[in-house]
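> one predicted model, sequence on top.
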Amino acid sequence: MIYKNLNVLDVINEKWLEHTDIEIKDGSILNMGKLSGVYEDFSYENCYMIPGLIDCHTHIFMAGDADTIGSVQSMNTTDYVLLAIKNLERHIKSGVTTIRDVGGINHYDIELKKHIKNGELLSPDLYAAGKIVTMTGGHGYFIGREADGETEVRKAVREQLKAGADLIKVISSGGVLTPGVDVNAYQFNIDELKAATEEAHKAGRKICTHCHSTQGIKNSVLAGIDSIEHATLLDREGAQMMAEAQTYMVPTLSAVDNIVKKGKDGGIPEFALKKGIDVYRKHLNSFRLALEYNIPIAMGTDAGTPLNYHGDSPREILLMVENGMGVLEAIKTSTINGAKLVGIDDKAGSISIGKNADLVIFKTNPEQQPETLLTPLQVIKRGRHIL
Ligand SMILES: [Zn+2]
């Protein structure tokens, strides 16, 4: 199949390749340029094609209910699996062709991967962290694997690897949603984080960390962690450290934005709303600091947290643009940067010969009208039309 005459985004160089034809065969991009052949498709002529989006921070077992923890604790296995299948479908229909899920429940995330790989589900590719590893009583303990001290942390990480996790998620500060923990306080100490990182890297896996706290961010950089999720209370010293170590930030602006904008009417628990409002301005400042210091950024939504729905990843791109990032740069964070962070940039994240045919097509130019990102005309996953 040859798609004729599109404006194709060269996301690496942040420029459009006009009047470009794309040939897809066996789910991959076979050729691009001025092409001709038997099966030519002119239906997307003059439209705009970008790589499939990569959301590096989702929670497919969470629905986005106001009381997330209450919901998670009241669900049974069937509820979890059905919800995840619905959420995966929402992602792919919005143009997200790869997600990294960072908070599995009972390793159902790893189980689901088999069915995705077999092509049984309408779903993005899923990279799953298994259970989050957290200190006793730490953020997310109600779904995670609690561990204290280097030895136990190593064992907890090894358990996730044994189960088949693609990456490891640890917790290095308090969180907004867990009652009674302080977002300003760091949780795992440097030695625990180093032990977790060593185990993940030894196995050839990436490691990410949930972190709001200023000290927690620095601890995580020093421990060699690959990405800091949220990085809410970043200061200049931390920004400098992240830039030097090339530690990724996954800002998840949607998480706090949804709590603050929709929380009061949406029934967010009082304690979470208060914490959210407290950190909102600081979080946006941290994002701007990341831009100033050229910290590598990958897009992630934290979808599944209160009023933060699966299928809304393109809104995260708009939020990054609203807060000072260029549109093409924001698309870059949502494609090739995500691919690098997940470790799949050899096959995903850009429109290049030999890469997976994971593509999104828009009627109008998203660089001029970013809102168009919310309404894709077509999503293509391994050459297959989704819409
Ligand atoms: Zn999260």
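Cool, the structure landed. Residues are numbered from 1 along each chain as shown.

> quick one, domains of this protein?
Following automatic domain parsing, the chain resolves into domains at 2-51+349-385, 53-342.

> all strands for the stretch 1-150 of the chain, in order.
Per DSSP state E, counting those that start in this stretch, the stretch 1-150 of the chain carries strands over the ranges 2-10, 15-25, 28-33, 40-41, 48-51, 53-58, 96-101, 125-128, 133-134, 145-146.

> which parts of the third one are buried?
Put plainly, it is strand 28-33. S28, I29, L30, M32 (16 or more other CB atoms under 10 Å). Quick note: C-beta positions are derived from backbone N, CA and C, even for glycine.

> can you tell me, leaving aside adjacent residues, what's nearest to the third one?
The shortest distance from L30 to any non-neighbouring residue, by CB to CB, 6 or more residues apart in numbering, is to E23 (4.5 Å).

> surely that neighbour and V8 touch.
No. At 12.0 Å, E23 does not count as touching V8 under the criterion of CB atoms under 8 Å.

> what is in contact with these two at once?
Common neighbours of E23 and V8, using CB atoms under 8 Å, 6 or more residues apart in numbering, are M32.

> between these two, which has more neighbouring residues?
V8 (24 against 20; other CB atoms under 10 Å).

> need the pLDDT of the more buried one.
You'll see V8 listed with a pLDDT of 98.

> so it makes contact with H19?
No. In this structure, V8 is not within contact of H19 by CB under 8 Å, at 9.3 Å.

> I'd like the strands of the stretch 1-150 of the chain as JSON lines, with distance to A163 appended.
Converted to JSON lines, the strands of the stretch 1-150 of the chain look like this (distance: least, CB to CB, whole Å):
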{"stretch": "strand 2-10", "distance to A163": "37"}
{"stretch": "strand 15-25", "distance to A163": "35"}
{"stretch": "strand 28-33", "distance to A163": "30"}
{"stretch": "strand 40-41", "distance to A163": "42"}
{"stretch": "strand 48-51", "distance to A163": "30"}
{"stretch": "strand 53-58", "distance to A163": "19"}
{"stretch": "strand 96-101", "distance to A163": "14"}
{"stretch": "strand 125-128", "distance to A163": "9"}
{"stretch": "strand 133-134", "distance to A163": "12"}
{"stretch": "strand 145-146", "distance to A163": "10"}
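
> of all these, which one comes closest to M299?
Taking CB to CB, strand 53-58 is the member of those nearest to M299, at 6.3 Å.

> give me the contacts around that closest one.
With CB under 8 Å, 6+ apart, strand 53-58 has contacts from 87, 91, 94-102, 124, 208, 227, 229, 250, 252, 298-304, 310, 313-314, 316-317, 334-335, 338-339, 341-342, 348-349, 360.

> pLDDT weak spots in the stretch 51-200 of the chain?
177-180 (pLDDT under 70).

> the same query, at a cut-off of 90, please.
65-73, 174-185 (pLDDT under 90).

> the stretch 201-350 of the chain now?
259-281, 306.

> strands along that one, start to end?
Using DSSP E, counting those that start in this stretch, strands in the stretch 201-350 of the chain cover 206-211, 227-230, 248-250.

> adding distance to K262, write the ones you listed out as TSV.
Shown next, in TSV, are those (distance: least, CB to CB, whole Å):
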stretch	distance to K262
strand 206-211	22
strand 227-230	19
strand 248-250	22
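
> helices along the protein, start to end?
Assigned by DSSP state H, the helices in the chain fall at 68-74, 77-93, 108-117, 149-163, 190-202, 214-222, 236-245, 253-266, 270-292, 313-322, 327-333, 336-342.

> show me what the second one is packed up against.
The one in question is helix 77-93. Helix 77-93 sits against strand 53-58, helix 108-117, strand 378-381, with contacts defined as 3 or more CB pairs under 8 Å, 6 or more residues apart in numbering; DSSP states H and E.

> and those, which is most packed in?
strand 53-58 (a mean of 31; mean count of other CB atoms under 10 Å).

> distance between it and the chain's centre?
2 Å (CA atoms, centre = their mean, to the nearest Å).

> what's the neighbour count on the closest residue to K275 other than its chain neighbours?
Using CB to CB, 6+ apart and skipping the chain neighbours, the partner closest in space to K275 is V176 (4.7 Å). Counted with other CB under 10 Å, the neighbours of V176 add up to 25.

> can you give me the distance of V176 to I12?
35 Å (CB to CB, to the nearest Å).

> go on, E244?
Applying CB to CB to E244 and I12 gives a distance of 23 Å.

> so between those two, which is more surrounded?
Using other CB under 10 Å as the criterion, E244 and I12 rank with I12 on top: 15 against 11.

> tell me which residues touch that one, please.
By CB under 8 Å, 6+ apart, the neighbours of I12 are K332, I336, S350.

> of those residues - the most surrounded one?
Highest neighbour count within these, by other CB under 10 Å: K332, with 25 neighbours.
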